[in-house]
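A.B. asks: From the sequence below, what's the structure:
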Amino acid sequence: MPPLLYTSMAIIIMTMFSLICCPGWAKEVPVNYVFLFVFTAAESLLVGSLTTFYDRLDVLLAAGLTASLCVALTIYAKTTKRDFTIYGGILFLCGWAFLALGFLFLLIFAGNVQGLTVAFAILSVVGIFLFGVYLIYDTQLIYGSREYELGVDDYIIGALILYVDIIAIFIRILQLIGIARDR
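C.D. replies: Residues are numbered from 1 along each chain as shown. Down below sits the predicted model:
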């Protein structure tokens, strides 16, 4: 991976941990806007760098599929009577299981390109589903009127969590398209 990808990932992780570990910064103007700007710039570099490995039409297809999925899930999150905010702990565990599954696949299929391709396709599908549920959960946190909700002053955190969900869905869809095109 190019150094730009590593640098942007490090900046993304540092800004997220900074805002999570010091929640007052997320509510303090202009510090919160600086963090949001740095995070957005790093995400832009990361996504821009990743999309250079794909054909232009594949990127456009992934963007269209991501947009349509996000609109559908947002409408569902707002209109359903089911409260997804009570599933935060389960989603956290599923996220860690998803990460562990990725490492497990790397260990199992190391050196087996075809097996690794199938494993990454499975991970992409599971990731699209998982981050889709995260999008519903986070949307309900932002809209409020559920068991758990973000406060009025948590708009920076709300923007970050939605941004992470949407970018994760986009990247997984792009990976799946790339695998389907035999990259």
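A.B. asks: average pLDDT for the helix or strand hosting residue 141?
C.D. replies: Assigned by DSSP states H and E, residue 141 belongs to helix 113-143. For helix 113-143, mean pLDDT rounds to 91.
A.B. asks: I'd like the next helix or strand past it.
C.D. replies: helix 155-180.
A.B. asks: quick check: angle from that next one to helix 113-143?
C.D. replies: For helix 155-180 against helix 113-143, the angle by axes from the mean of the first three to the mean of the last three CA atoms, to 10 degrees is 150 degrees.
A.B. asks: How far does helix 155-180 sit from its chain's centre?
C.D. replies: 4 Å (CA atoms, centre = their mean, to the nearest Å).
A.B. asks: Repeat that for stretch 8-28.
C.D. replies: 16 Å.
A.B. asks: Helix or strand with the lowest mean pLDDT in this protein?
C.D. replies: Lowest mean confidence among the helices and strands of the chain (mean pLDDT, DSSP states H and E): helix 3-21, at a mean of 89.
A.B. asks: need the contact list for residue 78.
C.D. replies: Contact analysis of residue 78 by CB atoms under 8 Å, 6 or more residues apart in numbering lists 139-140, 143. For every residue, glycine as well, the C-beta is placed using N, CA and C.
A.B. asks: Please identify, among those, the one with the most neighbours.
C.D. replies: residue 140 (26 neighbours; other CB atoms under 10 Å).
A.B. asks: how much space between that residue and residue 27?
C.D. replies: Separation of residue 140 from residue 27 (CB to CB, to the nearest Å): 21 Å.
A.B. asks: same deal with residue 100?
C.D. replies: Computed as CB to CB, the residue 100 to residue 27 distance reads 33 Å.
A.B. asks: Show me which of these two is the more surrounded one.
C.D. replies: Higher neighbour count among residue 100 and residue 27: residue 27, with 16 against 10, using other CB under 10 Å.
A.B. asks: for that one, what are its contacts?
C.D. replies: Per CB under 8 Å, 6+ apart, neighbours of residue 27: 153-154, 156.
A.B. asks: Ranking by neighbours, what's the top pick from those residues?
C.D. replies: residue 156 (20 neighbours).
A.B. asks: can I assume that one is in contact with residue 32?
C.D. replies: Yes: contact criterion CB atoms under 8 Å: residue 156 and residue 32 qualify, at 4.3 Å.
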